[in-house]
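> test case, fold it:
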Amino acid sequence: MLQNENIICVSYSTWEGPYTKSVVQLMSLLGQNNRVLYVEYPFTVKDLVYTLLGKQQAPVARMLGLKPRAIVKKTAEGAEVLNWVLPPMIPVNAIKNEKLYRILLNIDTWIYRRSLRRAIKKFNMGNPVVVNAYNPIFGEQLLGKLNEKASIYYCYDGFSKDRRGIRAWDADRCFSETADGIIVTSDFLKEQKLQANRNVIAVKNGVDFAMFNREAKKEPAPAGIRRKIGYIGSIDQRFDLETVEFAVKDLPGYDFEFIGDVRNPGVKSRLEQYPNVTFLPPVKPAEVPERLKQCDAGIIPYICNEINKNVYPLKINEYLATGVPVVLTKFAKLPEFNGQVHFAATAEEFRDAIVAATENDSKEKIKSRIGFASSNSWISRAEEFSAAIVDFCSKKRSNPTLNGNHEPNPKSIIFWTKVRDVLVINNPGFKAGVRQIAKN
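Below is the predicted model of the structure:
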């Protein structure tokens, strides 16, 4: 495991939340032997106003500096992680005028950089390893501006122009080319990123095995008892409504329980009309194992499309760690799970797989699923993540003028023209708009 490093995580998500986050799990474990500063989602002035109006929950007092920006988060492993809240940013995503967008983005970058430099000085975290977690816009903007040992892009999901917008998609493409290394969560995503950067390592999602295994099933439910099919997680645009509705209608003797944040209201409005469907609000991560234990099968019904090919679902190992049979659509290539889960290519196969998974379960299958999940713990994933960081830092030390694509590092390229003349081209993350400085 990586030791005695300063790690700054530039995140796109908050530390707290109603669902498990891979970056929080990994930073918690890395915090055992390293100093970790976790930078919260960059809240904007809009978030501040909506919170004051009671429509949202943002850490307003910390954003405004009325309370300390840094607080210590105690992890389940006994480690301490510094949690840092930035000043409010200008909301720029909806701005269509490109010139105005760039001006305001530069202001946001200044705010972000200034705040982080203060944190680095305050906590003596110089020469850090910067892990950018799915936040490529600021990854591109901050590249080379924090005196970092290495800038690593942790890309745990794919990007599409429709989902995050053309600017985030373009920033992802550019930052992928200039980062010192990329860590991804699926083999498909690795193949994609290798087209932009030679330093790409896949570290797949894991499971808090100890927490989930405490509530593991010992044996399947007796025959004749009404079966419960569970789904726990966000219900968003990835959700395959047509496939699930087909199963719900065709299996009136099965109960379907959906627990989580409904971000696609069309799913709830369509399914809640069926008497065998129940929707429940999100629960805390620590409560998930007990809920899963009550299920006879867990489902992961994602739509089969290009963006979902990138996904390695967090749920899959969580379901398995509790011994629950898993039925999922063939939205991604997950060959390592062959023989442990039920894949379905059609709605009919999905329905049939639910029946087969629940009616043919056994103690031996439960034990096999649990044993398989134990090898996919977050502890083992943190070891892989640490090894990737060490590898990228080693390559950076051996040739600091090259980025992860083995090309001249855009952060600082020096051309010697004469003995006394030096031309420095400084381009921190941008390929366009190169700033040239000549020293005579």
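> all helices of the stretch 101-250 of the chain, in order?
For the stretch 101-250 of the chain, the helices defined by DSSP state H, counting those that start in this stretch cover 136-142, 161-164, 166-178, 187-193, 209-213, 241-250.
> check which helices and strands the third one sits against.
Going back to what we said before, that points to helix 166-178. helix 136-142, strand 150-155 (3 or more Cβ pairs under 8 Å, 6 or more residues apart in numbering; DSSP states H and E). (Each C-beta comes from the backbone N, C-alpha and C, glycine too.)
> and the angle from that helix to strand 150-155?
Interaxial angle, helix 166-178 versus strand 150-155 (axes from the mean of the first three to the mean of the last three Cα atoms, to 10 degrees): 130 degrees.
> ok, which stretches of the stretch 301-440 of the chain are strands?
Here the stretch 301-440 of the chain has its strands, by DSSP state E, counting those that start in this stretch, at 326-329, 342-344, 413-416, 422-426, 435-439.
> end to end, how far does stretch 278-294 reach?
The first residue of stretch 278-294 is 14 Å away from its last residue (Cα to Cα, to the nearest Å).
> quick check: pLDDT value at residue 126.
You'll see residue 126 listed with a pLDDT of 97.
> returning to what we had before: would you reformat the helices and strands packed on helix 166-178 as a markdown table and include mean pLDDT and distance to residue 237?
Below are those laid out as a markdown table (pLDDT from 0 to 100; distance: least, Cβ to Cβ, whole Å):
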| stretch | mean pLDDT | distance to residue 237 |
| --- | --- | --- |
| helix 136-142 | 97 | 20 |
| strand 150-155 | 98 | 19 |
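> want to throw those into JSON lines with distance to residue 226 and mean neighbour count?
Shown next, in JSON lines, are those (distance: least, Cβ to Cβ, whole Å; neighbours: other Cβ atoms under 10 Å):
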{"stretch": "helix 136-142", "distance to residue 226": "47", "mean neighbour count": "25"}
{"stretch": "strand 150-155", "distance to residue 226": "42", "mean neighbour count": "29"}
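> of these, which is nearest residue 292?
Nearest of the helices and strands packed on helix 166-178 to residue 292, taken as Cβ to Cβ: strand 150-155 at 26.7 Å.
> quick one: distance of the closest one to the chain centre.
On the basis of Cα atoms, centre = their mean, to the nearest Å, strand 150-155 sits 12 Å off its chain's mean C-alpha point.
> for the remainder of this discussion, apply numbering that starts at 59.
Got it, the first residue is 59 from now on, which makes the last one we talked about strand 208-213.
> packing partners of that strand?
Packing partners of strand 208-213 (3+ Cβ pairs under 8 Å, 6+ apart): strand 187-191, helix 194-200, helix 224-236, strand 239-242, helix 436-456.
> pull the CA atoms of the longest one into PDB?
In other words, helix 436-456. Coordinates of each C-alpha in helix 436-456 appear next as PDB, following Å, rounded to 0.1, in the frame of the first residue of the first chain:
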ATOM      1  CA  TRP A 436     -12.200  -2.500  -1.400                       C
ATOM      2  CA  ILE A 437      -9.100  -3.400   0.500                       C
ATOM      3  CA  SER A 438      -7.800  -5.300  -2.500                       C
ATOM      4  CA  ARG A 439      -8.900  -2.600  -4.900                       C
ATOM      5  CA  ALA A 440      -7.000   0.000  -2.800                       C
ATOM      6  CA  GLU A 441      -3.900  -2.000  -3.100                       C
ATOM      7  CA  GLU A 442      -4.300  -2.000  -6.900                       C
ATOM      8  CA  PHE A 443      -5.000   1.700  -6.900                       C
ATOM      9  CA  SER A 444      -1.900   2.300  -4.800                       C
ATOM     10  CA  ALA A 445       0.200   0.300  -7.200                       C
ATOM     11  CA  ALA A 446      -1.100   2.300 -10.100                       C
ATOM     12  CA  ILE A 447      -0.200   5.600  -8.400                       C
ATOM     13  CA  VAL A 448       3.300   4.300  -7.600                       C
ATOM     14  CA  ASP A 449       3.700   3.200 -11.300                       C
ATOM     15  CA  PHE A 450       2.600   6.600 -12.700                       C
ATOM     16  CA  CYS A 451       4.800   8.500 -10.200                       C
ATOM     17  CA  SER A 452       7.800   6.300 -11.100                       C
ATOM     18  CA  LYS A 453       7.400   7.000 -14.800                       C
ATOM     19  CA  LYS A 454       7.000  10.700 -14.200                       C
ATOM     20  CA  ARG A 455      10.200  10.800 -12.100                       C
ATOM     21  CA  SER A 456      12.200   8.900 -14.800                       C
END
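> who's in contact with that helix?
For helix 436-456, the surrounding residues in contact (Cβ atoms under 8 Å, 6 or more residues apart in numbering) are 59-60, 63, 83-84, 87-88, 187, 189, 207-208, 210, 238-239, 241, 257, 259, 261-267, 462.
> I appreciate the help and will end here.
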